[in-house]
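In: fold the stuff below for me.
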Amino acid sequence: MARAFYSAAGLVAVALWVGAAVATDEPPATGGPASTAPAPGGGAEDGDTTELVVQLKDGRRFTGPVVRQNADEVVISLSGVPMRFAIDEIEKLETLEPLMTRYRKLREAVGDNPDQIVRLAEWLQSREKYAIALTEVDRALSLDKACVSALKLRPILEQQVILRHARVKRGAEAEREPAETRPARPAPTRPRDFPLLTDADVQLIKVFETNFDEKPRLIIPRAVTQRLLDRYAKHPLVPVTREGRDAILRWSAPEILDLMFKLQAREFYPEVQVLDQPRAFVAFRDRVCRTWLVNSCATTGCHGGTDAGRFVLYNARPNSERTVYTNFYILSKYRLPDGTPLLNFDEPESSALLEFGLPREKSRHPHPVVPRGVNEHDAFKPFFRSSNDAQFTAAVEWIKSLYKPRPEYPISYTPLKPFEVARPAAETPSTPEGGAGAGADAQPVEPRPR
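Out: Numbering: from 1, shown residues only. So this is what the prediction gives:
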């Protein structure tokens, strides 16, 4: 099953590969002897790790240390979380050369190029070799004191090294305690009774997100159209003549829904049945929700478990409409402690949700350190290589495809945990947006298109 990765491609290919290796885990092709120079210090980090590349039949690839492998399954560690793959899901398995062997060859290949040395440090960081990565960053800075990427990466690595030392110390102290007196740390579990949007909520969102260019299939009963015309009989868009009203009754369902939007007749939206999925939500389901969102962000050990903090997603039945629309609704409503939304509909590429998936040194919203497991190692692992990653680009295109201006769904939903941090009364706006309860001096609010 193992593959001979080090063929006669030459050491120059390794230097070009280092940047991509951080995210793809593809081993370099190279020839020549391994470096005889000793690797920088790092204590226990110098230990070799056996890594396995798992290529699934659907084209996805995962790389991580082997946890367990037998005739029924393969389990590897992804960001400290064991991930199981049934044998019948796997297209191919590949065993990589020992990590430290690959590191020494890469170190020799990159030479004294500061930018490539930082790429090598990122590669080490992604494999939790923080002390060695810090040594490489210091080497880059000794060659170029103004190396921006090294200056950004160094404080992150320092924090990770401190965290590593602290957990090693705690582990040593725990080993000296009798086993029966050690406190047990419960494994994270999926929240019970996770609140999901109802089928009616899902249908209402579909109505608001209807794109007439997609020629949607809709059902609007004739009786609903008749009541709509009666309710808005005095509106300029509704004909006063019997002939004009009868003509509207013969309209297609999309034409009637368009009239509802223009009338702002929201009380009738729940009576519209949308038979198709809006393309934006097909893209969200297929290219965001059931790929990296559920498999990376919403795992039980992360934002899909009981230790998730305020931000909790649902990670069961990823193809279910209620799962897809609930997770979308959570993403659209959630706010960071400073009030920043996760999704930036005006500048999708700047969305905090996507920034959190980037390597910390490339992000404007670096993902916090995530202590996990008994040893509390940093479980964070970026999903995107960079903002040019195909998955990142697909997520940006998905956000751009959503209906604009963004509607405010009239949905009553109580999340598992609050969407926003509670603020003192003095910090909350005192003037409502208009409508019922608005004061006499309240400014009129522009009506929403939907």
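In: where does this protein dip in pLDDT?
Out: For the chain, the stretches flagged by pLDDT under 70 are 1-48, 78-81, 166-192, 295-309, 368-379, 421-449.
In: nearest residue to the middle of this protein?
Out: Most central in the chain under C-alpha atoms, centre = their mean is residue 293, positioned 4.2 Å from the mean C-alpha point.
In: tell me how far residue 450 lies from residue 163.
Out: Look at residue 450 and residue 163: by C-beta to C-beta, to the nearest Å, they are 47 Å apart. For glycine as for every other residue, the C-beta is placed from the backbone atoms N, C-alpha and C.
In: over to residue 220?
Out: 58 Å.
In: who has more neighbours out of the two?
Out: Neighbours per residue, other C-beta atoms under 10 Å: of residue 220 and residue 163, the larger number sits with residue 220, 20 against 17.
In: skipping its backbone neighbours, what lies nearest the more buried one in space?
Out: Nearest non-adjacent residue to residue 220, counting by C-beta to C-beta, 6 or more residues apart in numbering: residue 253, 4.6 Å away.
In: how about the contacts made by the one you found?
Out: Shown in contact with residue 253 (C-beta atoms under 8 Å, 6 or more residues apart in numbering): 217-220, 272.
In: so how far is residue 134 from it?
Out: 62 Å.
In: for the stretch 1-150 of the chain, what spans make up the helices?
Out: In the stretch 1-150 of the chain, the helices defined using DSSP state H, counting those that start in this stretch lie at 11-24, 99-110, 114-125, 130-143, 148-176.
In: contact partners for residue 239?
Out: 245, 247-248.
In: try it again at 10 Å.
Out: 229, 233, 245-248 (C-beta atoms under 10 Å, 6 or more residues apart in numbering).
In: tell me how far it lies from residue 218.
Out: From residue 239 across to residue 218, the span is 22 Å (C-beta to C-beta).
In: next one: residue 408
Out: 22 Å.
In: neighbour count for the two, which is higher?
Out: More neighbours surround residue 218 than the other of residue 408 and residue 218, with 19 against 10 (other C-beta under 10 Å).
In: the more buried one is in contact with residue 269, isn't it?
Out: No - using C-beta atoms under 10 Å as the test, residue 218 is too far from residue 269 to be in contact (11.4 Å).
In: overlap in contacts, those two.
Out: 206-207, 210, 257.
In: residue 285: which of those is nearest?
Out: Of all those, residue 206 has the smallest distance to residue 285: 12.7 Å, by C-beta to C-beta.
In: separation between that closest one and residue 197?
Out: With distances taken as C-beta to C-beta, residue 206 is found 11 Å from residue 197.
In: residue 354 too?
Out: Distance, residue 354 to residue 197, by C-beta to C-beta: 23 Å.
In: cool, residue 389 as well?
Out: Counting by C-beta to C-beta - residue 389 and residue 197 are separated by 30 Å.
In: name the residue in the two with the higher neighbour count.
Out: The residue with more neighbours, out of residue 389 and residue 197, is residue 197; 24 against 18, by other C-beta under 10 Å.
In: how about that one: what's its closest non-neighbour residue?
Out: residue 326 (4.8 Å).
In: neighbours of that neighbour, how many?
Out: With other C-beta under 10 Å as criterion, residue 326 counts 23.
In: same thing with residue 311?
Out: Other residues close to residue 311 by other C-beta under 10 Å number 21.
In: also residue 146?
Out: The local packing of residue 146 (other C-beta under 10 Å) involves 8 other residues.
In: pull the contacting residues for it.
Out: With contact taken as C-beta under 10 Å, 6+ apart, residue 146 is in contact with residue 114.
In: how close does it get to residue 114?
Out: Going from residue 146 to residue 114 by C-beta to C-beta gives 9 Å.
In: quick one on the thing from earlier: among the contacts of residue 253, which are in strands?
Out: When DSSP state E is applied, the contacts of residue 253 are split such that 218-219 fall in strands.
In: nearest to residue 93, of the contacts of residue 253?
Out: Ranked by distance to residue 93 (C-beta to C-beta), the contacts of residue 253 are led by residue 217 at 44.2 Å.
In: quick one, what contacts the closest one?
Out: 253-254, 273-276.
In: out of these, grab the one that's most surrounded.
Out: Neighbour-wise, those (other C-beta under 10 Å) top out at residue 274, 21 neighbours.
In: pull out the buried residues from the shared contacts of residue 218 and residue 269.
Out: 206-207, 210, 257 (16 or more other C-beta atoms under 10 Å).
In: helices of the stretch 201-350 of the chain, residue ranges please.
Out: Here the stretch 201-350 of the chain has its helices, by DSSP H, counting those that start in this stretch, at 222-231, 242-249, 253-263, 279-284, 321-333.
In: and what of the stretch 351-450 of the chain?
Out: Under DSSP H, counting those that start in this stretch, the stretch 351-450 of the chain gives helices at 352-356, 390-401.
In: could I get the first one in PDB with only the CA atoms?
Out: In other words, helix 352-356. This file holds the C-alpha atoms of helix 352-356, laid out as PDB (Å, rounded to 0.1, in the frame of the first residue of the first chain):
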ATOM      1  CA  ALA A 352     -15.500  35.900   9.400                       C
ATOM      2  CA  LEU A 353     -16.700  32.300   8.900                       C
ATOM      3  CA  LEU A 354     -14.300  31.900   6.000                       C
ATOM      4  CA  GLU A 355     -11.500  33.700   7.700                       C
ATOM      5  CA  PHE A 356     -11.700  31.300  10.600                       C
END
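In: tell me the strands beside the lengthiest strand in the chain, with direction?
Out: Ranked by number of residues, the top strand in the chain under DSSP E is strand 61-69. Partners of strand 61-69 in the sheet, by DSSP bridges, are strand 51-56 (antiparallel), strand 73-78 (antiparallel).
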